[in-house]
Each structure stands twice: as structure tokens, then as C-alpha cells.
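Novice: model this:
(chains A and B)
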Amino acid sequence: MSAMAQEVRPAGSRLEWLGMIAATIAVVGALGFYVVAHSDEHSTEPIYDWQVSAFAGLTGPDQAIYNSLHTVKDEIPFIYDDINQFNEPGQKFHWPNLTDFQDWLLPPFYKDTSWEQQGSLTWTLFEPLPEGEMQGTTMYLGTDGKLPGQGSFLLTIGHVHAGFTNTNAMVIWWISKNHMEMPQSGFRDGLILKGWREVVPYSGAAEVKRLFGADAAERAKAQFKGFPPDGTVPDASTSSDGGSTDNASGDSASADAAATKAAEVEQLIQNALGGQDTEKGK
Amino acid sequence: MLLRTVAVGVLAFATLGAPAQAKTLRVGITLHPYYSFVANIVGDRARVIPLIDSDANPHGYAPQPADMIRMQAMDVMVVNGIGHDTWAFEILDAAGMRNKLKLIYANDGVSLIPVAGDPSGEKVVNPHTFISTTAAIQQVYTIARALGELDPENATFFRDNARHYALEIRKLRGEFDAKIAGADLSKFRCASMHSGYDYIMQELGLQVSAVIEPRHGVEPTARQLAETIDRIKAANVNVLFAEKYFASKLSDTIRDATGVRMYSISHISSGPYTKGKFIEEMRENLTTIATAIRESAKS
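Specialist: Reported below is the predicted structural model:
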């Protein structure tokens, strides 16, 4: 008795195929919609639901306040060092308060006309407790802006130590609500659950990637490695491709020619300067 | 093509002619503000070399052979990198120095904003980050950090100078504030000839209602101009900021059609390269804006 294979098709197989196709279209369509809805041409990184783009998502005064806060991230470590450098042994390090920021004329905290034009946000500092759950989370809350539709801001600073320069420890949050209380916790998940959204800048680095390719900034940075080769700045007489331009043979005619050319290059530089600043760095 | 043709000759010339200033970092720059930034950061511990002549217009600049020679004399070059010095990259290519000359992208850490007042609503990156205070400070820090990586012995010196310079820039805001004390800003409505002033206006909390140029360096068509004039009238714009260095009859046309007061603002992109240029011209710009605010309050 020979075995005979018989294909048995379920009565609903045609419907199953149609269902599969429909499901595939639905999934692909949903993915496409998600990508379109969550990206813009000026974003090289995805923007998640719990984030907002400073470039495309914030407008007017809120965008201005964010951009000031973004630069503050570079300044706070410096001010922190300044105000703590003469601490007595055992004295607690403290974060710059709102008075310190007035001394440093630091927007968006500094109360000038720009601050008024941008809604006169009320800023409050929450310093971390020495121990316990809140250890290491410093927060600056900016809220109660006077402009219609204005949101609130929160700058959180993670656990860092004296001398830090890692601005990644600082995160800027925004919420569309005009009034917010200081959060009980500075932890990310808790803030997201409360409706805070991390603000993501569209930075020059991202634009460079868009214009020159994803590895442009990395390429530029890679060139820094090994420079200067032995901890000293290369001699100016070494050309950029590593070849020496010194006249090692000591031939006086060649040396004169090199000196002449050097003088001509110098003249070109002076021409470009417009006859000013002939000394180094002036 | 012409550049490529002459490149071989000038490169040989430049290689021979590299200035022999031993162990001094030679920092190239593409735009005037970057000359001031770098000069204030490095003091007398490095040399600042402009890529193009001081009187060249950086808008639509056509690279010259001399640029390549100067480029050869640089150890590193500070660039805007986001659209205001695209010609620098042409020079890099023509000189065969792409991926050879070290670059510092000054805007790496800047949070960019779109061009204001674009009627299409399209969000186009504004590359004029250097006509500002806060965005300028961000660039000063970025440059100082990068130069410190190149020259670790002077890193602290560069950082301290950057901080001092940042405070000097910030003081400009204080001076501006004193000049507009008590002025009624509610009547101030401005438009600008091009998008160069968006960063400083945003930092001051002032809104630009319309920009005349549809794109950077592109004059509007007759129809676009008519539409812009309509928008200026509809928005009750009473101030028009024009470019100090690049006069245009267009601004006169708009003034005549709308009755706006016209003021000139510096793009900080012409004249001799100097250490003090950025602060001086930004102070002048802020004084002009303060004057415009005070005069609009009277109307």
C-alpha cells in the first residue's frame, strides 16, 4: 500500500490569508504612522513619548527658557566649585541658590527684563538630603509663569561629586502645566508618571550629522586622539600630513627659500586679519 | 574646479611656507565672532588665524587660493558647521585637508532654534548662533574645552579665560537692561531683513514677527515681498532691523510701504578681526535694539 500525501486545506484558509495580509498591513501602517508622528527632519535621534523636542516641540518663551537652562548646565559645575572652594573642613558642600545666580547674572534665573518678558517664572531650589532616598538629587523648579499657555521647568542634577564636569548628570524637564509643586522625587520614572517630559535639544552636533553624515563629529573628535603626540603641540614647521618641512640638509639656499615662503604665508595671514592684531591672540 | 586646479600649486607653496612658530597652537577660524572667542580664550598662548580675508562677505563666499595657504598654516580650525561657513568645507576639499585638519564644531552643544517668522511654518535650522549672548557663551565653552583637549597644559588657562569672557558677554545683557528700564515693551513689534537676529531676540524675550528673506541670502520674489508687507501691516510691526554691513534697497522699499522705523544691526561679519570685535558689536547691537524699543514705546 503506497502512502499518499493529501493536502487538506481548512475551509477558512482563504480567510486566514486575508487576515494575515490585513494584519501585516495594519502593523506596517501603524509603525509608519508612529515614525512619522514621532520624528521630524531635524531629528537624528528618536523622540520618545516621555520626551519633547526643544526645536520642534517648544515655542516662544518656553523655548528661550530651555535654551538658557541648557547653557546653565555648563555653568553650574563652575559656580558650584567657586562657592565651595573655601569651605571649612567638614562643611557641607552646597548647590548655588537663586541669590548666587543673581550674582552671576545667570538666565533664566536672573531677574531682568528678559526674565519678565519670558513670563517671570518663580524658581525654587531643592537641595538633596545628606542621606536617604533623596540623596544626590538636586532640583531647580521653575513654575507659575505669567504668560498664557506657559509650562513649568525642572532641572534635576543627579548624584555627582566635587569637581564634576559631567553635564549628563543634569536633565531638563518640562510640563505643559503652568503650576507645579516641587516633586517628591527626582527619579526619572516618577517624574514621567507625573507628566514631566525630558526636553531634548536639537544640537549643532545633530545638525552636523545631518549635513555631513553620522560620523562627522566622531571623525573630527578622532583626530584629537594622539594630538599632541607627546604632550606638546607640534612644531609649526611640521606640515599637517606629518611630513617635515624643515630643511634638514642645511642647504642655505633652500633655507632661504623656506624663509621667504614663510614670510609670504605670514603676509597672507596679515592680509586676512585686515592689518590688525599682529600679535598672538590679540 | 578652478580651486582644484590651483590647489596642487598652492599646497606645495604652503607646505614650504608654514610659519615656524615652535610649539604654539595655531587655531584657524572661519567667522569674525570665532576670532574674538578664540582670542579671548587662548590669550597669548596660541595664535588665531582667519581662513578668509576680513572684508570678505561670508554669505556665498567664493573660496580663494590664499585661503588654502592659510589653512595649511593651521593646527585646528573652529567652524560654525551648521550652514554659515559651508565654503570652509569646500576649501577643505580643495586643499585635500578634509579629515586631516582638526575641526572644532563650535555649535556642538548649542540648542538650535528654527528661523522665526517663516510663513510656511517649516522649521528650518537657524545657523546664526553667534549673534547672541547665551548661545555665544555655549560656543565659547565648547571651543575652550576642545582646545584644552588639544593643549592639556593650558586647559585650565583656557577654561578660566572662557569663564571670564562669558561673564563679560553676560554683562552686555545688564547694560541692555539698564537702557530699557521703565520702557513699555508692549508696543514693540519687529521684523528683520534676514534671520540673523533670532537668537539674540529670543534671549531678550522679544519676538520677530516676520523675516523678509525667504531663505538665508535669498531675496524674496515680488509676490513674496508683497505677502510679507501684508504680514507686517497685519502684525502692526513698527520696527525693521536691517543688516549694517550689507545694505539693501529692499529695506527702503519695505519702510516706504509700511511706515516702519528702520535700524541697522551688525552681523559681526566684516571689518578687521579683533579680540574685542564681538563684545563691541554686540554692545552696539543691543544699544540699537534698546533705542528701537524706547522709540516704539513713544509712538
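Novice: CA only for contacts and neighbour counts going forward, please
Specialist: Will do.
Novice: quick one: B:Val79 from chain A, how far?
Specialist: Using C-alpha to the nearest C-alpha, to the nearest Å, B:Val79 is found at 11 Å from chain A.
Novice: Quick check: chain neighbours aside, which residue is closest to that residue?
Specialist: Of all residues not flanking B:Val79 in the chain, B:Tyr105 sits nearest, at 5.3 Å (C-alpha to C-alpha, 6 or more residues apart in numbering or on different chains).
Novice: The one you found: neighbour count?
Specialist: Number of residues near B:Tyr105 (other C-alpha atoms under 10 Å in any protein chain shown) recorded here: 24.
Novice: list the contacts for it?
Specialist: Taking C-alpha atoms under 8 Å, 6 or more residues apart in numbering or on different chains, we find B:Tyr105 in contact with A:204-205, A:217, B:78-81, B:143.
Novice: So which of those belong to strands?
Specialist: Among these, the members found in strands (DSSP state E) are B:78-79.
Novice: Dump the contacts of B:Tyr105 into JSON lines; add neighbour count as well.
Specialist: Formatted as JSON lines, the contacts of B:Tyr105 follow (neighbours: other C-alpha atoms under 10 Å in any protein chain shown):
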{"residue": "A:Gly204", "neighbour count": "24"}
{"residue": "A:Ala205", "neighbour count": "24"}
{"residue": "A:Ala217", "neighbour count": "19"}
{"residue": "B:Val78", "neighbour count": "25"}
{"residue": "B:Val79", "neighbour count": "23"}
{"residue": "B:Asn80", "neighbour count": "25"}
{"residue": "B:Gly81", "neighbour count": "25"}
{"residue": "B:Ile143", "neighbour count": "26"}
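Novice: wait, which of the contacts of B:Tyr105 is closest to A:Ala169?
Specialist: Closest approach between the contacts of B:Tyr105 and A:Ala169, by C-alpha to C-alpha: A:Ala205, at 19.0 Å.
Novice: Need the pLDDT of that closest one.
Specialist: Per-residue pLDDT puts A:Ala205 at 87.
Novice: pLDDT score assigned to the residue of the stretch 51-200 of chain B found nearest chain A?
Specialist: Going by C-alpha to the nearest C-alpha, chain A is nearest to B:Asp53 of the stretch 51-200 of chain B, at 3.7 Å. Looking at B:Asp53, its pLDDT is 93.
Novice: For the chain, give me the ranges with low pLDDT.
Specialist: The chain I'm using is chain A. Along chain A, segments meeting pLDDT under 70 span A:1-21, A:23-45, A:129-136, A:159-168, A:217-250, A:275-282.
Novice: you looked at the wrong chain, it should be chain B
Specialist: Across chain B, the ranges flagged by pLDDT under 70 are B:1-23, B:119, B:216-217, B:246-247.
Novice: same thing but at 80, please
Specialist: Where chain B drops to pLDDT under 80, the residues are B:1-23, B:60, B:117-122, B:214-219, B:245-248, B:299.
Novice: Tell me which residue lies nearest the centroid of it.
Specialist: Nearest residue to the geometric centre of chain B (C-alpha atoms, centre = their mean): B:Phe130, 4.1 Å.
Novice: now the helices: where do they sit in the stretch 101-250 of chain B?
Specialist: Secondary structure of the stretch 101-250 of chain B (DSSP state H, counting those that start in this stretch): helices located at B:134-150, B:155-179, B:198-204, B:222-234, B:249-258.
Novice: Is it possible to get CSV of the ones you listed that adds distance to chain A?
Specialist: Formatted as CSV, the helices of the stretch 101-250 of chain B follow (distance: least, C-alpha to the nearest C-alpha, whole Å):
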stretch, distance to chain A
helix B:134-150, 6
helix B:155-179, 6
helix B:198-204, 5
helix B:222-234, 19
helix B:249-258, 25
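Novice: of all the ones you listed, which lies closest to B:Ile279?
Specialist: The nearest among these, by C-alpha to C-alpha, is helix B:155-179 at 6.6 Å.
Novice: Please tell me how far the closest one is from the chain's geometric centre.
Specialist: Centroid separation for helix B:155-179 versus its chain: 18 Å, with C-alpha atoms, centre = their mean, to the nearest Å.
Novice: One more: stretch B:275-287?
Specialist: Offset of stretch B:275-287 from its chain centre (C-alpha atoms, centre = their mean): 12 Å.
Novice: and the stretch 1-150 of chain A, which residues reach chain B?
Specialist: Contact residues, the stretch 1-150 of chain A versus chain B (C-alpha under 8 Å from any C-alpha of the partner chain): A:42, A:54-56, A:60-61, A:64, A:67-68, A:70-71, A:74, A:104-106, A:112-115, A:117-118.
Novice: switch to 10 Å and redo it
Specialist: Counting by C-alpha under 10 Å from any C-alpha of the partner chain, the residues of the stretch 1-150 of chain A close to chain B are A:40-42, A:54-56, A:58-61, A:63-75, A:78, A:104-108, A:110, A:112-119.
Novice: Which among those residues count as buried?
Specialist: Buried by 16 or more other C-alpha atoms under 10 Å in any protein chain shown: A:42, A:54-56, A:58, A:61, A:63-75, A:78, A:104-108, A:110, A:112-119, out of those.
Novice: Of those, which belong to helices?
Specialist: Counting by DSSP state H, the part of those found in helices is A:61, A:63-75, A:78, A:113-117.
Novice: right, and A:Leu105 touches A:Ser114 too?
Specialist: No - shown here, A:Leu105 and A:Ser114 do not form a contact pair, counting by C-alpha atoms under 10 Å, at 11.6 Å.
Novice: Please name the nearest non-neighbouring residue to B:Ala46.
Specialist: Once flanking residues are discounted, B:Ala46 sits nearest to B:Leu25: 4.8 Å by C-alpha to C-alpha, 6+ apart.
Novice: where does that neighbour fall, phi/psi-wise?
Specialist: Backbone torsions of B:Leu25, given as degrees, to the nearest 10, read phi -60, psi 130.
Novice: count of neighbours near it?
Specialist: Neighbour number of B:Leu25 under other C-alpha under 10 Å is 24.
Novice: roughly how far apart are it and B:Ile212?
Specialist: Per C-alpha to C-alpha, to the nearest Å, B:Leu25 is found 42 Å from B:Ile212.
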